[in-house]
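**Student:** sequence first, then the predicted structure:
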Amino acid sequence: MAARNDPAKAGKQGAQAAGGAQADEVRNVIAGGASGDALDAAAEAALVIAEAARTDGLSADESQSQQQNESQDESEGEAALPAPPVVIIGGVATQAEKEIDKATPALTGARAQAVSNTSPLAQRARSVVTGDPTETRNSMHRATKIVATIGPASSNPGILLQMMQAGLDVVRFNFSHGTADDHRQRAEWVREAARQVGREVAIMADLQGPKIRVGKFENNKTMLVAGNSFVLDANCELGNNERVGLDYKDLPRDLRAGDTLLLNDGLIVLDVTRVIGEEIHTTVKVGGELSNNKGINRQGGGLTAPALTEKDMEDIKTAMSLGADFVAVSFPKNATDMEMARQLANIAGAPYGIKPKMIAKIERAEAIPALQGILDASDGIMVARGDLAVEVGNAAVPALQKRMIRMARESNKLVITATQMMESMIHAPVPTRAEVSDVANAVLDGTDAVMLSAETAAGKYPVTTIETMAAVCVEAEKSEESQLDRDFLDRTFTRIDQSIAMGALFTAYHLGAKAVVALTESGSTALWMSRHWSHVPIFALTPRVGSERTMSLYRNVTPLHLDTNMDRDTALNQALEVVVSKGYAARGDMVVLTVGEPMGQAGGTNTLKIVRVGDHF
């Protein structure tokens, strides 16, 4: 924690591990006396890291294919946490670890990656760049953030550390699975891994919501045949070949003859013929195997189930107790649903001093016409393409995705693109070309983040998946065109801090600045800047850990810690020192700075400065 209290030593753990040499190099750059040796070393090390990852990754993948059983089903089932973590010493698993692997085969392949990524060659290469083998942010700046779900394959401190080193920015907790104690344990692991990697990583609590499902079967499943009759019966305890129960008892009141029901993510289609009391009589249109607890959607939406269930309300309390930075609300229909969720989260978070950012998952058909209202009531949205596609049809989703991303950015809100982005990597070490294009197109659409679900929760290759996704994002961003001039046409800014933010972005773009450095309390300045793409990286320095974690989801924003309880010029000099220490700027580079006076007040950004690194100011 001492490094946090002295931001002038912005290499922090890295510089100290290198015997202070890197810190001296940073000060020389700021003072105008450094050569390009440090940058040359970083470039050389990047090549070594790439080679290490290539050779190590091959052996890890081969090992995984031999060690792994078939992955769990993609619903990310998480009956319980794996056994407590064990320590890998010198890359060799202990006997206790081997016993854990027998019980949790999904973890074995992931651990092989962790051992591979901590090989001596990889550590030596990383040390050249940072002086610290745990701090491995890519020298190539990546604007698009990565959200990944924690589950059986990644519920281990060592795996989490490797995922963060590979580029993980936000960890998603799926509250559809696991107990409160499970989530608390994982939260502790996330915070500890983030501390080791040297940056803040946010936690997102994803609420289950009113997922409407069939009940259980006597034999756990049945086969539905096209043309046959089948009954959904709210009073049925155990299903058979003719009928099955419902977990949402009010479903019969939401349906009428002529409605179409889609089960198991649309793989099974039932036509409603009549509704009698608690029974929904249907004819099977598209058959298939139906097993316990599969989901039900009505084509076109229109189900009245509330967005927040009793379980969700309890889960919000749990999320606040473990310090969640974001809460994702499933199946909101309108702004009122999000306003209620925010009120509950703020009340639950008050004892912990937390006001989480609220993310609306757009997965109901009726949410589409209410999208602007939902955006206004939220801090961001998730393009949840799975359930949404079931309700509106697969063909409609790509255009809706583009529309939602555009509307979110225009409304100064965050947007996450999710569902099956690299689904094949649950079982395979490489994605399909279609998946690569899917991720790249989301990046080109302007999404803040791309999300992984079962790929990292239950897949064989959680670390490789994140590395692959990060590489795709970087390549896609290279070809993205800035439309900053067009974005600013006919725009009116009524706030001083927003005007400064937009002015800094515009100035940096047209002057060819190396970076924009924003000293911020709440993160609002960085958010406004991140809504526009300019190819100029944004560094947001804040004394608030909560703001630092929140900004980890902002596109093209790298959040860093800086104590701003000092005079303006000292703070600006130390901000430059932090950015230079990270290798993002060097002597002679032009940098655009924003800051507020008096210091330490949220919403007070009122100053823009253009400087060259090494010049006195």
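**Tutor:** It's in.

**Student:** now do the buried residues in stretch 240-252.
**Tutor:** Using 16 or more other Cβ atoms under 10 Å as the test for burial, stretch 240-252 gives 243-246, 248, 251-252. Every C-beta, even on glycine, is put in place using the N, C-alpha and C of the backbone.

**Student:** check stretch 305-315 too.
**Tutor:** Neighbour counts using 16+ other Cβ under 10 Å place 305, 307-309, 312, 315 of stretch 305-315 among the buried residues.

**Student:** and the two most separated of the residues you listed?
**Tutor:** Using Cβ to Cβ, the buried residues of stretch 305-315 span at most 16.3 Å, a distance reached by 305 and 315.

**Student:** can you count the residues close to residue 424?
**Tutor:** Using other Cβ atoms under 10 Å, residue 424 has 16 neighbouring residues.

**Student:** tell me the mean pLDDT for stretch 180-196?
**Tutor:** On average, the pLDDT along stretch 180-196 is 96.

**Student:** would you map the strands across the stretch 301-450 of the chain?
**Tutor:** Counting by DSSP state E, counting those that start in this stretch, one finds strands in the stretch 301-450 of the chain at the ranges 326-329, 357-362, 380-384, 414-418, 449-452.

**Student:** so how far is residue 403 from residue 576?
**Tutor:** Residue 576 sits 40 Å away from residue 403 when distances are taken as Cβ to Cβ, to the nearest Å.

**Student:** between these two, tell me which one has more neighbours.
**Tutor:** The neighbour comparison of residue 576 against residue 403 (other Cβ under 10 Å) goes to residue 576, with 26 against 14.

**Student:** residue 498 in helix, strand or coil?
**Tutor:** Secondary structure, DSSP: H, G, I helix; E, B strand; the rest coil: residue 498 is helix.

**Student:** ditto for residue 273
**Tutor:** Applying three-state DSSP: residue 273 is strand.

**Student:** so what's the residue lying closest to it once chain neighbours are set aside up against?
**Tutor:** Among residues not flanking residue 273 along the chain, residue 281 sits closest, at 5.0 Å (Cβ to Cβ, 6 or more residues apart in numbering). Neighbour list for residue 281: 229, 231, 272-275 [criterion: Cβ atoms under 8 Å, 6 or more residues apart in numbering].

**Student:** dump these into a markdown table; add distance to residue 149 as well.
**Tutor:** A markdown table is the format used below for these (distance: Cβ to Cβ, whole Å):
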| residue | distance to residue 149 |
| --- | --- |
| 229 | 38 |
| 231 | 35 |
| 272 | 34 |
| 273 | 39 |
| 274 | 40 |
| 275 | 37 |
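
**Student:** can you select the buried ones from the residues you listed in ChimeraX?
**Tutor:** A single ChimeraX command is used to select the members of these judged buried by 16+ other Cβ under 10 Å:
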select :272,275
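
**Student:** now, among the contacts of residue 281, which is nearest to residue 592?
**Tutor:** residue 272 (60.2 Å).

**Student:** could I get stretch 390-409 in PDB with only the CA atoms?
**Tutor:** Only the C-alpha atoms of stretch 390-409 are listed here, as PDB (Å, rounded to 0.1, in the frame of the first residue of the first chain):
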ATOM      1  CA  VAL A 390     -35.000 -15.800 -29.000                       C
ATOM      2  CA  GLU A 391     -37.700 -13.100 -28.600                       C
ATOM      3  CA  VAL A 392     -37.100 -10.900 -31.700                       C
ATOM      4  CA  GLY A 393     -35.500 -13.500 -34.000                       C
ATOM      5  CA  ASN A 394     -31.800 -14.000 -34.900                       C
ATOM      6  CA  ALA A 395     -32.000 -11.900 -38.100                       C
ATOM      7  CA  ALA A 396     -33.000  -8.800 -36.200                       C
ATOM      8  CA  VAL A 397     -30.100  -8.800 -33.700                       C
ATOM      9  CA  PRO A 398     -27.100  -7.500 -35.700                       C
ATOM     10  CA  ALA A 399     -28.900  -4.300 -36.600                       C
ATOM     11  CA  LEU A 400     -30.300  -3.900 -33.100                       C
ATOM     12  CA  GLN A 401     -26.700  -4.300 -31.700                       C
ATOM     13  CA  LYS A 402     -25.500  -1.500 -33.900                       C
ATOM     14  CA  ARG A 403     -28.400   0.700 -32.900                       C
ATOM     15  CA  MET A 404     -28.000   0.000 -29.200                       C
ATOM     16  CA  ILE A 405     -24.200   0.800 -29.300                       C
ATOM     17  CA  ARG A 406     -24.800   4.000 -31.200                       C
ATOM     18  CA  MET A 407     -27.600   5.100 -28.800                       C
ATOM     19  CA  ALA A 408     -25.500   4.300 -25.700                       C
ATOM     20  CA  ARG A 409     -22.600   6.400 -26.900                       C
END
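
**Student:** understood, closing this out.
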